[in-house]
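Peer 1: Here is a sequence together with a model predicted from it:
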Amino acid sequence: MTSLLDTDVILRFLTADTNHKYKNLCSFFGSIETGDVRVELKLIVLFQVIFVLQGYYKVPREKITDGLLKLISYKGMMIKEKKLVRRSLELWRDNNHIEIVDCYLIACLEGDDKNILYSDDRGFGKFNINRIEP
């Protein structure tokens, strides 16, 4: 059986919500950090966390990235293609002009000139990927 994390739990933890549940979340995430509890973080949830932190809470990119990079490094935090996600977050932190989903696409294609990204977005030209306008 797979245990999954929902967006609201991560948001409450990362924003240190003053809600009474925050104290329990600290203990819960501490167990994930040590690997006593294992959970899977789906990419769709990760992206939603970023959108909410940036859009609603107005948290700066660097702070979001630092928090998420730390979170995905927890022993019990399972995420498919963790290296790819880490690279996506780093690209997003270092490039203010590009969105996280685009950073994920770049990270997927980096270093493999046989991979193609079909896109009209010329902003991808700044990265070492093979972009083709359809």
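Peer 2: That came through, no problem. This is a predicted model, so every value here is computed, not measured.
Peer 1: list the buried ones in the lowest-mean-pLDDT helix or strand in the chain?
Peer 2: Taking mean pLDDT, DSSP states H and E as the measure, the chain has helix 21-34 as its least confident helix or strand, at a mean of 88. By neighbour count on 16 or more other Cβ atoms under 10 Å, the buried set for helix 21-34 is 25, 28-29, 31-33. Heads up, the C-betas are built off the backbone N, CA and C, glycines and all.
Peer 1: pLDDT value on the spatially most central residue of the chain, please?
Peer 2: Most central in the chain under Cα atoms, centre = their mean is Leu46, positioned 4.6 Å from the mean C-alpha point. Looking at Leu46, its pLDDT is 98.
Peer 1: How far does the least confident helix or strand of the chain sit from its chain's centre?
Peer 2: 19 Å (Cα atoms, centre = their mean, to the nearest Å).
Peer 1: before we move on, what about stretch 95-113?
Peer 2: 13 Å.
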